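**Student:** Could you work out the structure for the sequence below:
(one chain, ligands or ions: 1)
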Amino acid sequence: AITKEQDALMKLIVEAYNKHQIPQDVTKKLLQEQYSTEENFLLLTEIATSQVQVLVEFTKNIPGFLSLDHEDQIALLKGSAVEAMFLRSAQVFSRKMPKGHTEVLEERIRKSGISEEFITPLFNFYKSVGELHMVLEEQALLTAITILTPDRPYVRDQQAVERLQEPMVELLKKLCVLQHPQEPQYFARLLGRLTELRTLNHYHAEMLTSWRVNDHKFTPLLCEIWDV
Ligand SMILES: Cc1cc(C(=O)O[C@@H]2C[C@H]3CC[C@]2(C)C3(C)C)ccc1N
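**Tutor:** Okay, the predicted model is just below:
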């Protein structure tokens with residue numbers, strides 16, 4: 001069963017996860033703006049920028065994160081930003097968006113200058129996350145676990161990160177057994193999504209490069225988090 005400490009940790013993570021959402025005006029624009037490649041790219045840039053802001057706020061609220069070495073905090077954020085952003089957008093895409101928004105966002109992503117070779121794995125990932133029907137607690141914990149990956153580049157004190165990540169993996173494991181008693185392999189399937197996520201890093205880097213060479217403008221925050 002879940003201990004008192006685990007319940008407290010869970011509440012903190014879910015509260016942090018819920019605290020910050022993509023502002024309504026950004027998602028509202030999805031339906032209003034017209035459908036040029038340029039317009040779609042600008043919308044995706046707004047979405048990505050606000051996703052990164054939401055990610056930074058969530059990360060700061062992960063218990064123990066702000067006590068890590070400051071350089072390591074930056075290394076974890078930069079190293080996990082793509083995965084955490086795709087995980088959250090997959091969850092929003094498959095769960096929360098009002099009917100019609102999903103199709104519109106999909107259409108805009110498909111017509112924004114992102115090459116087909118990235119679009120396919122992206123929507124396959126969205127689909128595989130959607131099929132899991134994760135509850136909010138699982139989504140929040142999985143996102144925190146992704147951020148607290150000790151072997152990101154330039155992390156110096158990996159043990160300190162492991163000490164934060166381990167209790168969350170244990171808690172997620174317990175949650176999965178409680179939430180999906182009829183599916184003993186559910187926890188393993190969740191962790192399998194993290195492996196799939198890592199493959200998206202490569203495609204994302206390609207996507208940035210192809211936009212760059214076509215002289216697309218990024219926001220300062222996106223330039224900073226992805227060193228572009
Ligand atoms: C530098 C830069 C990056 C992105 C991005 O990663 O977008 C992600 C791809 C899809 C998955 C998450 C995104 C925000 C998405 C929903 C558009 C979008 C615009 C931009 N100027």
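
**Student:** use CA for all of it now, contacts and neighbours both
**Tutor:** Fine.

**Student:** got the buried residues for the strand or helix carrying A48?
**Tutor:** Taking DSSP states H and E as the criterion, A48 maps to helix 37-60. Of all the residues in helix 37-60, those buried under the rule 16 or more other C-alpha atoms under 10 Å are 37, 39-56, 58-59.

**Student:** which residue packs closest to E71, ignoring adjacent ones?
**Tutor:** Distance criterion C-alpha to C-alpha, 6 or more residues apart in numbering; nearest residue to E71, sequence neighbours excluded, is V155 at 7.7 Å.

**Student:** list the contacts for the one you found?
**Tutor:** E71, D72, A75, L76 (C-alpha atoms under 8 Å, 6 or more residues apart in numbering).

**Student:** ok, and the most crowded of these?
**Tutor:** Among the contacts of V155, L76 has the most neighbours (other C-alpha atoms under 10 Å), with 24 neighbours.

**Student:** how much space is there between that one and E39?
**Tutor:** 32 Å (C-alpha to C-alpha, to the nearest Å).

**Student:** Could you list the residues of the chain in contact with the ligand?
**Tutor:** Within reach of the ligand by C-alpha under 6 Å from any ligand atom, the chain has these residues: L44, T45, I47, A48, M85, F86, S89, I109, L208, F218, L222.

**Student:** and the last one, what helix or strand is that in?
**Tutor:** Right, the one you point to is L222. helix 220-225.

**Student:** now stretch 152-168: mean pLDDT?
**Tutor:** Average pLDDT, stretch 152-168: 98.

**Student:** before we move on, what about stretch 25-33?
**Tutor:** On average, stretch 25-33 scores 77.

**Student:** for this protein, what spans make up the strands?
**Tutor:** Assigned by DSSP state E, the chain shows no strands.

**Student:** Run the chain-centre distance for stretch 146-155.
**Tutor:** From the chain centre to the centre of stretch 146-155 is a distance of 14 Å (C-alpha atoms, centre = their mean, to the nearest Å).

**Student:** Just want the most central residue of this protein.
**Tutor:** A84 (2.4 Å; C-alpha atoms, centre = their mean).

**Student:** Can you give me the pLDDT of that residue?
**Tutor:** 96.

**Student:** so what's it up against?
**Tutor:** L55, T143, T146, I147.

**Student:** Now with 6 Å, please.
**Tutor:** T143 (C-alpha atoms under 6 Å, 6 or more residues apart in numbering).

**Student:** could you check the distance from it over to L132?
**Tutor:** Counting by C-alpha to C-alpha, the gap from A84 to L132 is 17 Å.

**Student:** Now find how far off-centre the helix or strand of the chain with the lowest mean pLDDT is within its chain.
**Tutor:** Lowest by mean pLDDT, DSSP states H and E among the helices and strands of the chain is helix 24-32, with a mean of 78. Its chain's C-alpha centre and that of helix 24-32 lie 20 Å apart, by C-alpha atoms, centre = their mean.
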